[in-house]
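Asks: model this:
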Amino acid sequence: FPPLQEFIANEIFDKTMTSEEKSDHAEWILKEPCLPWSFPFDPALPKVAAFPSPVLKKKPATIGAEDRLLKEVAKRLKETSSKLESAEAELASYRQAKSAIASEDCSVEIHHKPAHEVFEGLPKKVSVPVPVGQWEDGKTPSAIPEIDKNYVFNAETLYPILNGINKQLIPWLQGHTGTGKTTLVEQIYARLQIPLYRLNLDSDITRGELVGRETLVSDGAGGTMTKFVEGIIPKALQEPCGLLIDEIDAMRPDLAFVMQRLAEGNGFTLLEDGGRIVAPHPEFRLYATANTWGRGDESGLYAGTRSLGTAFINRFKPYLSVEYMSEDDECELLSKTSDLPKTKCKLIAQYAQEHRAAFLQANVTLPCSPRDTIAFARTLVDYIPMFGETTAWQLAFKHTILNAADQDDRQTLDSLLSRFVKGDQ
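Replies: As a prediction, the model looks like this:
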């Protein structure tokens, strides 16, 4: 930083020597830096000295001038050291609290609040702090899920996840199809106002999409050059966000090593980019959902799942089981999300309980999620004025649930519904 060096040197020269001493001595020159200081802002920057060693070509004429010079240098160095420490602390705070999501030009400040101020129904004694995003100019990225005001949280799963966010844990959410594992995390992040990225480990995703790959780009001079373009994981790691790995127990073996590196929690090593280490943002969190506990399918319902290594599974805590909604909770949900009378909502909720019991016992292969029952209730409301009660029940059931089942399941499911709605038709 030559301009800074000259400024310091000239300032010291002007303020420490009298006019007579200045006229008797030659100008200042800058030699090799004598101080081992380096700007601490970015470890990737080259080590450069903050200040030079100003030296006179001639020895000062008086001892007084030399003393004043040394005292002034010491004073300036002390002041500058203090400013550098403050700047470093301010920069660290800025990096923790702000993130620019380049693709959408959004900037956020992260504030920590007690959980009971963000999630209704939690007692005030639940003082675990959770991060809450405040976006500048009200501009939020599309990755923030939309709040479902009718969503019902279960404290037995909500609190462990919030505690995991505070303690930087990696929850493993196990549950059958349709229990709402993904929706649970989405609704938490919707209320935290922090982006959540969902990554499905299906058969089509590649290692390059996860980690990154070398690509050809223009060098600005009519030619091309290779450049490493980061994948989903390193991009998400550098943002205040959640990364949800869906169906992690179905991942291919070639992706297992990538997930192992990510779950270690000490940064992500990009072997594909010369071993560069990507440090995680302080508010980055990782989640995994699965139909099993990672030790293979014991129910016979999920043939595509695999048995994962014990060392990998042990990196996740806590292990949470996400169950289907209770009958009363589902009845309340249907009442809030449709104009159907509560008596009819109760019948649909009772049917859903029987349907899920048959699914868990492998009597039917079609699961029943809250999305199915909500669609059933809303369609029934729409169909009753047109077709009447009896036909409306039959058509709404067919169009939202029954027609999605295979031929073997349809008779079983049809008989289940008839138990509850026959008297209502």
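Asks: Pick out the residue closest to the middle of this structure.
Replies: Central residue of the chain (CA atoms, centre = their mean): Gly242, 1.5 Å from the mean position.
Asks: OK, contacts around the closest residue to that residue other than its chain neighbours?
Replies: Among residues not flanking Gly242 along the chain, Leu196 sits closest, at 4.4 Å (CB to CB, 6 or more residues apart in numbering). (C-beta placed from N, C-alpha, C; glycine too.) By CB atoms under 8 Å, 6 or more residues apart in numbering, the contact set of Leu196 is 143-145, 185-186, 189, 241-244.
Asks: Show me what secondary structure element comes after the host helix or strand of His111.
Replies: Secondary structure from DSSP states H and E places His111 in strand 106-114. Using DSSP H and E, the helix or strand that follows strand 106-114 towards the C-terminus is helix 115-118.
Asks: Show me what counts as buried in that next one.
Replies: 115-116, 118 (16 or more other CB atoms under 10 Å).
Asks: what's the closest of these to Val128?
Replies: Closest to Val128 out of those is Ala115 (5.0 Å), distances taken as CB to CB.
Asks: per-residue pLDDT, the closest one?
Replies: Per-residue confidence (pLDDT) for Ala115: 92.
Asks: contacting residues around Ile205?
Replies: Ile205 neighbours (CB under 8 Å, 6+ apart): 199, 255.
Asks: measure Ala416 to Gln187 for me?
Replies: Just so we're on the same page, residue 416 is Leu rather than Ala. 29 Å (CB to CB, to the nearest Å).
Asks: Helices along the stretch 101-250 of the chain, start to end?
Replies: Secondary structure of the stretch 101-250 of the chain (DSSP state H, counting those that start in this stretch): helices located at 115-118, 155-167, 181-192, 207-211, 232-237.
Asks: Point out the other helices and strands that the last one packs with.
Replies: Applying 3 or more CB pairs under 8 Å, 6 or more residues apart in numbering; DSSP states H and E, one finds that helix 232-237 contacts strand 196-200, helix 207-211, strand 242-246, strand 268-270.
Asks: Pipe the ones you listed into TSV and attach distance to Gln168 and mean pLDDT per row.
Replies: Output for these, formatted as TSV (distance: least, CB to CB, whole Å; pLDDT from 0 to 100):
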stretch	distance to Gln168	mean pLDDT
strand 196-200	16	92
helix 207-211	22	86
strand 242-246	12	95
strand 268-270	15	85
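Asks: Pick the most buried one from those.
Replies: When you average the neighbours per residue for each of the helices and strands packed on helix 232-237 (mean count of other CB atoms under 10 Å), strand 242-246 leads with a mean of 22.
Asks: Past that strand, which element shows up next along the chain?
Replies: Using DSSP H and E, the first helix or strand after strand 242-246 is helix 253-263.
Asks: Next, the contact list for the nearest residue to Lys124 once chain neighbours are set aside, please.
Replies: Spatially, and ignoring its direct neighbours in sequence, Lys124 is nearest to His116 (5.1 Å; CB to CB, 6+ apart). Contacts of His116 were listed using CB under 8 Å, 6+ apart, and they are 122-124, 126-127.
Asks: can you pick the most crowded of the residues you listed?
Replies: Neighbour counts for these, by other CB atoms under 10 Å, peak at Leu122, which reaches 19 neighbours.
Asks: Show the contacting residues for it.
Replies: Applying CB under 8 Å, 6+ apart, the residues near Leu122 are 115-116, 155, 158-159.
Asks: What is the nearest of those residues to Asp382?
Replies: Leu158 (33.0 Å).
Asks: Gln187 is in contact with that closest one, correct?
Replies: No. Assessed by CB atoms under 8 Å, Leu158 is found out of contact with Gln187, at 9.3 Å.
Asks: who's more crowded, those two?
Replies: Neighbour count, other CB under 10 Å: between Leu158 and Gln187, Gln187 has more, with 22 against 19.
Asks: Name the residues of stretch 254-261 that are buried.
Replies: Those would be 255-256, 258-259, 261, for stretch 254-261 by 16+ other CB under 10 Å.
Asks: Centre of the chain to it, how far?
Replies: Chain-centre distance of stretch 254-261: 18 Å, with CA atoms, centre = their mean, to the nearest Å.
Asks: Restrict that stretch to CA atoms and write it as CSV.
Replies: Extracted in CSV, the C-alpha atoms of stretch 254-261 (Å, rounded to 0.1, in the frame of the first residue of the first chain):
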residue,chain,number,x,y,z
ASP,A,254,-20.7,-42.7,-5.4
LEU,A,255,-22.3,-39.8,-3.5
ALA,A,256,-21.7,-41.2,-0.1
PHE,A,257,-18.2,-39.8,0.2
VAL,A,258,-19.5,-36.3,-0.7
MET,A,259,-22.1,-36.5,2.0
GLN,A,260,-19.5,-37.8,4.5
ARG,A,261,-17.3,-34.7,3.9
